[in-house]
Structure formats: structure tokens, C-alpha cells
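**Student:** prediction below, plus the sequence it came from.
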Amino acid sequence: MTNLLWLIPLLPFAGAALNAALGPRAPKALTTAVGVGAPGLSLVVALGALWQYVTAIHPGAVEQTIYAWTAGETAIDVAFLLDPLSAVMLFVVTFVGFWIHLYSVGYMSHEEGYQRYFVYLNLFMGAMLLLVLGDNLLVMFVGWEGVGLCSYLLIGFYYDQKVPPEAGRKAFIVNRIGDFAFLVGMFALFSEFGTLSYRELFAQMAANPAQLGADYALGLSLASFVALCFFVGATGKSAQIPLYVWLPDAMAGPTPVSALIHAATMVTAGVYMVVRMNVVYEAAPGVALLVAGVGAATALLAATIGVAQNDIKKVLAYSTVSQLGYMFLAAGLGAYSAAVFHLGTHAFFKALLFLGSGSVIHAMGGEQDMRKMGGLKKWMPVTAWTFVIGGLAIAGIPGFAGFFSKDEILAAAANEGHWILWAVGLATAGLTAFYMFRAIYMTFFGDFRGSEEQKHHLHESPAVMTVPLMVLAAGAVFAGYAGVSKVLAFGRDVNWIHHFLEPVVGGHGEAAAHGEAVHGTETAAHGAAEAVHHLSVGAEWALIAVAVVTAIAGILVARAFYGSGRGVEDGEDVLAGKLGGVHNVLSHKYWVDEVYAAVVIRPLAALSRGFFKWVDGFVIDGLLHTSATIAELTGDLGRFTTTGNARNYVLYFFIGIVILFFGVIL
Amino acid sequence: MVPVSWYLLLAALLFAIGTAGALTRRNGITIFLSIELMLNSVNLTLVAYSRLLDDHTGQLVVFFVLAVAAAEAAVGLALFIALYRHRRTIDLNRINLMRW
């Protein structure tokens, strides 16, 4: 089925088009069938293609050119590529995407704009699949912008309220900054190599490594410049410092949207891009280190903010920012397969957590404040226990998915000797465990703190919502076993995902099927596989033990504060009193939004107002008004001749004749 | 034979009188008469030249002008009657609906 690759992105697009054509008054069952059926079919085709691809004896990358976009020598095609990296992404996007679509049927059943929602969601799936399956940077960019658009549309889904449209605008504008850098990076590559196709780019880089190292602009080498541009692009889409501020606000959208777009798929596009361009990052070690540093800093910063949030979705939003930081930490350290692995496991458990929170919000009638929840496990056991599984997975408890992927990242940091990054990662892991279980205890344990009316309404969600929860919970447990590290497997080499991704992200061995694994360059030789196992097995076990102890300690601290409904007194978080000023700083998110408003937004707004008043209002409008006034004045002069008196016209006629007469004669 | 210039002078005089009447009078019918005067001054010129040049085309044209003038008189008078029924006047100073 790999020859049906083109069908995978096309199906959701077709679903969106069909639902849009059917209109909002179409029967709900039909809208549902189209809206869920299209990604469902897409999932079936994707699974078929993946099965054929993975079971092939020598899986070479599958390429499929749909049509030539540009004519001439520098051809850019609309083409799809199925290689190990896009295969992993394809699986995550279609699988998680389908279950979230199904869940949405239940979640959105009472909402206005049911059909519009599915149009947007299908459109998003199509764009996301375009992004991951694209064979060149331009197709990726089209998908990149497409998912950005759908993100904007879905954040602002409740357009009749005040906050969501503003959040949507914020997301869109912040992303523009990143997209600009992405474009610049793309232009730089195109001007140097004359192509945007991954295969040709990497082949040229491998053939001529010196070109990457040559000075390009701003005192940076070509590799560094391009790597930096792409990373700035990634900080926008994947919510890293300094452009992370849009993601927490994006929670204004419907919860399944948060799960699909702002946790599992779209926000990981930046990680995918960095991993895809790994050849460039290998040639730019300085920028790679910056990526790791920014990732680690984002992970820690977001985790600390997450501790002080009371809105259940905000906790998860900051958690997402934090986990994305982990992925960039891994990618920056050259542990690309670990980054993609964490991306995959994170997609499962974070989608699960978001859908769980959606189930809670659904039952609470729209309430998102955890201080008004509590004891919900009594009413909604499936939601509660799947949420706990998600919590255990993200906290990194052994046996669950997050443990394996997080362990790989921490091991990569330790193996590279970046102990500071390792310590930051470890601290983040502890904080993650703490804030997740704080949320779990506040939401599901203790006594109910909401109103009687809410209590009366509490119910477990319908099967259409709980089944996706259970499926994703299974994923949150078992996805981790795709990448059990050598140490954890007691020396056996069972790290499937690592070997699977090797042809794309390099590592030891021959330049694999792709010619992508650059080996000629000095700097490119540091694939993750080679770097791993500098430490002794005993030391690795010790590090794992430290990580696990930290995670468990985080959970126990959360239990000590919040267990049995202790954490909330008089509707306030007890932590606020205990931490005092620190809590104030955290709950205000370090005033980053306020600083941005003061430093960037207000000066820009003032500048815009200045332009509006002086350039637009004075110069442009002035020119227009002047020409209008001139026309009016000449008109005023002219209309004095139009007296309406026939005898005057006769006079004009006569004068005209006389002038003509003498004109001809003289 | 009377020199042709006399006819031409008379025609010019009639034309000038007609023009002055058309421009200064307020009564629609008077203006109408003035225009007839102008037309006939032209007729006179045509006939005079026709005789001088011994060419009948000029006289032919005069018949056309007379026919058109008759038709014009009929239409014009009908218009003035219709106008009078509506406005109770044919004073052109007071009929200026086309004003801005």
C-alpha cells in the first residue's frame, strides 16, 4: 500500500471539503461519518503502508512525485516521502489523530458548530500529514502553514467569546515570527544548493562538506546560519523560549483540539524539522548546543510555572511546553532517535491526559479550575484511572512509556558529559511528577469541592469518549517498549526505534539506504548510537535509579501536600501560602507576558498607531482628500454654467458657434 | 437686378434680430417666433444664392427647411400646451427643473 501514500493526506482534505460542502444543516450522523471516516480511512491506508514498509526486507525510502510544481532546472515537486522518520510521525499523527476525532464526537456533541469543527479538524489532519510526508522543505512549509492556520481557527473556535479569538490571534502572530526565520533558512539553502528536496540537499552536503562550513552571513557558517533559522522557526511552532507564550493561551480552544494540535502533533513539528535537518545540526555544533540549552531551559521554566497553575488545561499546557523542551534537549545533544522516541510516547500520554481533562471538563459543565474539583474518581473511574496512567507515564515511572524515552534523553545528556543539562532535565522530571500528581490529587481524590448543581451533573463520559482514553492509555504504557535501551534490557540490543531511525539520523555503519548519513564530515560523526555507552553500565543504572527516585519523590511530595483533598483550603491552593512570593512569581508565569507586552507589543502598537495617524491618516488620506477636494472645486466652478434655464444654453450655443465660426475663418 | 449683397444684408439682419429675440425673450412662443425668423433668414440666403448661381439645389433645401420648420412648429406648440397645462406658464425663466 505504499503506492497509496498520496491518499493519506488527501483523505482528510477530502473529508474537510465534503463536510464544508454539506454545510451546517446536514444531518449530524452524516457529518460525523465524514468527519471521523476520512481520518479513519487515512489511518487504515497509513497502517497498510507502514506495515508493508516495515516488513520489507530492505526498506528503502518510498518516494512519490505527484506533480512538478515548478518548471525548469530547479524543479520543486509536490512529492511524498516515506522513510523511517516520516513513518514514525505518520503513525503517531494518524493513530492519535483518529482516536481524538472519535473522542470529539462525544465531546462536541452538545456544541454549536459541530460541522465547522470537523471541517477544521480534518483540514488540520491533511495539513499535518502533508508536513510529515513532504519530500522537500517547501511541501513541509505548506503543511507547516496549514497546521498553523487550523490551529488559529480552532483556538478561536468559540469566536463569540472574548478570549479565544485573541488567543488565536496571539498564536498566529507569534508563529509568524518563527515562520519568517524558517523561510529565511529555506531561502539560504535554496540559494546555495538550488534544491529543497531532502535527498538532494543531503547528498550535496555529503558530497561537499566544506560548503556547509563556509562563512555565509552574520559571521556564521552556512550550516550555523541555516540551523539557527530553522531552530527559530521551531521555537515558534514548538513553543520554546522565547516564543512559547502562545501555547498556554491556546488552551482557549476545545479540549480535543488541545490534545491533537497543541500536545500530540502540531507542536512537535519543530522537533520533527530539527531531526529532519540533522545533517545541518551536526555541522553546526554551536547551534546544536544552543538548541539543547534552550530546550533544557524551556523544560525547567515551563515545569516551574506548571506547579502554580490551577486551571487543569493550563497545567497540561505548561507540561507540554516542558516536554517539548526535553525533545529539543535530546535533539540538540544529537540524540535524534531519543527526541523522536519521546515525541512518540509524549503524543500518547499527553493526548491521553488532555482527553482525560476534557472528559472532566465535560462532566463539570465547563469548569476548569481544579480547586473546584476533587474526588471525581468516584463518578468517573475510567477517566480517573486512565488519567493516572497518563500521569505515571509522564512522570517517568518504570514500566510506563515516558520512563523509557525520558531515560534515553537523560542518558544522552550524561553520556555527552553535559551534567548541567542532565541536572536540569532531572529537576524538570521531579517537578513534572509533582505537578502532574498535584493535578491528579486535586481533581480525582479527596472530596468534591464544586457546587451542588455540578455535583448533581457529574457522570462518566460516554463510550465514544472513554474508549479513546483506554486505547491511548494502552499506548501510554506500551509505546515505551519500542525503545528499551541496551542497559534496561540487560545488554540485549532491542532498541527497535533506534535501529529503525538509524538510516535517517545517522550513527554508525555504512551510509544507509538514503545517502543521508553524512560520514565525511568531522562533526557529523557523532550519531547518538556512537555516543551512547561512554559511561559504564553501573553508572547508567545509577543514573536511572536517581531519575526514578526523583520522580517518585515528586509524586510523594505531591501526595504529602495534596493527598486526600488536603491541598485546597477555603478555595485556595495551600502551596500559595507556603511558598509565598515564589508562588506569586510562578502563578504570574514570571510576568513574561507582561514583559513582552511592555517591551515588544506596546512599542509596536504605539508605532502602528503613529503610522495610522501620520502616514495613513495624514499622508495617504491627505493625498486622497486633496485630489477629492480639487475635483469638487472644479465641479463647483463648472456647475454654475448649469442654470437649468434654456435661454442660457442657447447663449452658450451661440457663443460656441461664434467662436467656431471665427476660429475656422481666422 | 438687386445685387445679392442686399439679400445677404437683409438675411444677416433678420438672423441677428432672431438671435437677439431668442436670447432675451422669456415667453416661449416669442422665442419660437425668433427661431422661425432665424430659419427664414437662412432660407433667404439660400434662395438668393440659388438665383445668383442658377442652381436649384438651394431652393430644394429651402423646401426641406420649410417642411422641418412646419413640423417643428407643430411639435413645439404641442409641447408648450402640455407645459402650460402642468405649470400654468410658459415663462422659460420659471421652467428650470434641470438646474443643479
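**Tutor:** All right, it came through fine. Residues are numbered from 1 along each chain as shown, chains lettered A, B, ... in the order given.
**Student:** now A:A296. Nearest residue, chain neighbours left out?
**Tutor:** Computed as C-beta to C-beta, 6 or more residues apart in numbering or on different chains, the closest residue to A:A296 that is not its neighbour in sequence is A:V424, at 4.3 Å. The way it works is simple: take the backbone N, C-alpha and C, and place the C-beta from them, glycine included.
**Student:** typo on my end, it should be A:A414
**Tutor:** The shortest distance from A:A414 to any non-neighbouring residue, by C-beta to C-beta, 6+ apart, is to A:W422 (5.0 Å).
**Student:** quick one: contacts of stretch A:10-29?
**Tutor:** Stretch A:10-29 is contacted from outside by A:30-31, A:34-35, A:37-39, A:41-42, A:45, A:113-116, A:118-120, A:122-126, A:129, using C-beta atoms under 8 Å, 6 or more residues apart in numbering or on different chains.
**Student:** quick one: it to chain centroid distance?
**Tutor:** Taking C-alpha atoms, centre = their mean, to the nearest Å, one finds stretch A:10-29 lying 25 Å from the centre of the chain it belongs to.
**Student:** where does the stretch 451-600 of chain A dip in pLDDT?
**Tutor:** Counting by pLDDT under 70, the stretch 451-600 of chain A has low-confidence residues at A:507-534.
**Student:** on that earlier part again, how about the residue nearest to A:A414, what does it touch?
**Tutor:** A:L410, A:A413, A:A414, A:L543.
**Student:** the host helix or strand of the third one packs against which elements?
**Tutor:** Assignment of secondary structure by DSSP states H and E places A:A414 within helix A:401-415. Counting contacts by 3 or more C-beta pairs under 8 Å, 6 or more residues apart in numbering or on different chains; DSSP states H and E, helix A:401-415 packs against helix A:312-332, helix A:336-363, helix A:381-395, helix A:419-444, helix A:463-478, helix A:528-531, helix A:537-562.
**Student:** within range of chain A, give me the residues from chain B.
**Tutor:** Residues of chain B lying near chain A by C-beta under 8 Å from any C-beta of the partner chain: B:19, B:22-26, B:31, B:92-93, B:95-100.
**Student:** try 6 Å
**Tutor:** B:A22, B:L23, B:L92, B:N96, B:M98, B:R99, B:W100 (C-beta under 6 Å from any C-beta of the partner chain).
**Student:** how many neighbours does residue 36 have?
**Tutor:** Since no chain was named, I'll use chain A. 21 (other C-beta atoms under 10 Å in any protein chain shown).
**Student:** oops, chain B please
**Tutor:** B:E36 has 16 nearby residues by other C-beta under 10 Å.
**Student:** helix, strand, or coil at A:V78?
**Tutor:** Following DSSP: H, G, I helix; E, B strand; the rest coil, we place A:V78 in the strand state.
**Student:** tell me how far it lies from B:N40.
**Tutor:** Distance, A:V78 to B:N40, using C-beta to C-beta, to the nearest Å: 85 Å.
**Student:** pLDDT weak spots in the chain?
**Tutor:** Chain wasn't specified; assuming chain A. Residues of chain A meeting the criterion pLDDT under 70: A:1, A:57-59, A:71-72, A:507-534.
**Student:** meant chain B, my bad for not saying
**Tutor:** In chain B, residues with pLDDT under 70: B:100.
**Student:** quick one: the helices in it?
**Tutor:** B:4-24, B:28-53, B:57-87 (DSSP state H).
**Student:** now A:M436, nearest residue through space, not along the chain?
**Tutor:** A:G391 (4.4 Å).
**Student:** that older thread, closest to A:L637 out of the helices and strands packed on helix A:401-415?
**Tutor:** helix A:312-332 (66.7 Å; C-beta to C-beta).
**Student:** angle of that closest one against helix A:401-415?
**Tutor:** 40 degrees (axes from the mean of the first three to the mean of the last three C-alpha atoms, to 10 degrees).
**Student:** quick check: which helices or strands does helix A:312-332 pack against?
**Tutor:** helix A:246-249, helix A:269-276, helix A:285-307, helix A:336-363, helix A:401-415 (3 or more C-beta pairs under 6 Å, 6 or more residues apart in numbering or on different chains; DSSP states H and E).
**Student:** next, format these as a markdown table and append distance to A:V226.
**Tutor:** Output for these, formatted as a markdown table (distance: least, C-beta to C-beta, whole Å):
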| stretch | distance to A:V226 |
| --- | --- |
| helix A:246-249 | 24 |
| helix A:269-276 | 12 |
| helix A:285-307 | 9 |
| helix A:336-363 | 17 |
| helix A:401-415 | 23 |
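**Student:** of all these, which one is nearest A:R639?
**Tutor:** That would be, of these and by C-beta to C-beta, helix A:246-249, which comes in at 57.6 Å.
**Student:** circling back: using CSV, lay out the helices and strands packed on helix A:401-415 together with distance to A:I659.
**Tutor:** CSV is the format used below for the helices and strands packed on helix A:401-415 (distance: least, C-beta to C-beta, whole Å):
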stretch, distance to A:I659
helix A:312-332, 82
helix A:336-363, 86
helix A:381-395, 94
helix A:419-444, 93
helix A:463-478, 89
helix A:528-531, 95
helix A:537-562, 100
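**Student:** how about the nearest residue to A:L260, chain neighbours excluded?
**Tutor:** Closest to A:L260 by C-beta to C-beta, 6+ apart is A:I100, at 4.4 Å.
**Student:** could you verify my assumption that the one you found touches A:A259?
**Tutor:** Yes - assessed by C-beta atoms under 6 Å, A:I100 is found in contact with A:A259 at 5.4 Å.
**Student:** from chain A, which residue is nearest to chain B?
**Tutor:** A:G644 (2.9 Å; C-beta to the nearest C-beta).
**Student:** so which of the helices and strands packed on helix A:312-332 gets nearest B:A69?
**Tutor:** helix A:246-249 (86.1 Å).
**Student:** about what we covered before: what's the neighbour count on the residue of chain A closest to chain B?
**Tutor:** 12.
**Student:** also A:R566?
**Tutor:** 15.
**Student:** so which residues on the stretch 501-650 of chain A come close to chain B?
**Tutor:** Counting by C-beta under 6 Å from any C-beta, the stretch 501-650 of chain A sits next to chain B at A:R639, A:T642, A:G644, A:N645, A:A646, A:R647, A:V650.
**Student:** could you find the closest non-adjacent residue to B:G58?
**Tutor:** That would be B:S50: by C-beta to C-beta, 6+ apart, it lies 3.1 Å from B:G58.
**Student:** correction: A:D407
**Tutor:** In space, A:D407 is closest to A:I544, 5.8 Å off (C-beta to C-beta, 6+ apart).
**Student:** and the gap between the one you found and A:S485?
**Tutor:** Distance from A:I544 to A:S485, by C-beta to C-beta: 9 Å.
**Student:** kindly report the same for A:G365.
**Tutor:** Taking C-beta to C-beta, one finds A:G365 at 45 Å from A:S485.
**Student:** look at the two and report which has more neighbours.
**Tutor:** A:S485 (21 against 12).
**Student:** for the more buried one, what are phi and psi?
**Tutor:** The phi and psi values for A:S485, taken as degrees, to the nearest 10, are phi -70, psi 160.
**Student:** distance of whichever residue of chain B sits closest to chain A relative to B:G18?
**Tutor:** Nearest residue of chain B to chain A: B:R99, at 2.9 Å (C-beta to the nearest C-beta). B:R99 sits 26 Å away from B:G18, going by C-beta to C-beta.
**Student:** so which of those two has more stuff around it?
**Tutor:** B:G18 (21 against 9).
**Student:** that one contacts B:M38, doesn't it?
**Tutor:** Yes - the criterion here is C-beta under 6 Å, and B:G18 meets it with B:M38 at 3.5 Å.
**Student:** picking that back up, reformat the helices and strands packed on helix A:312-332 as TSV; add mean neighbour count and distance to A:A429.
**Tutor:** Converted to TSV, the helices and strands packed on helix A:312-332 look like this (neighbours: other C-beta atoms under 10 Å in any protein chain shown; distance: least, C-beta to C-beta, whole Å):
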stretch	mean neighbour count	distance to A:A429
helix A:246-249	24	20
helix A:269-276	26	18
helix A:285-307	23	9
helix A:336-363	29	12
helix A:401-415	28	6
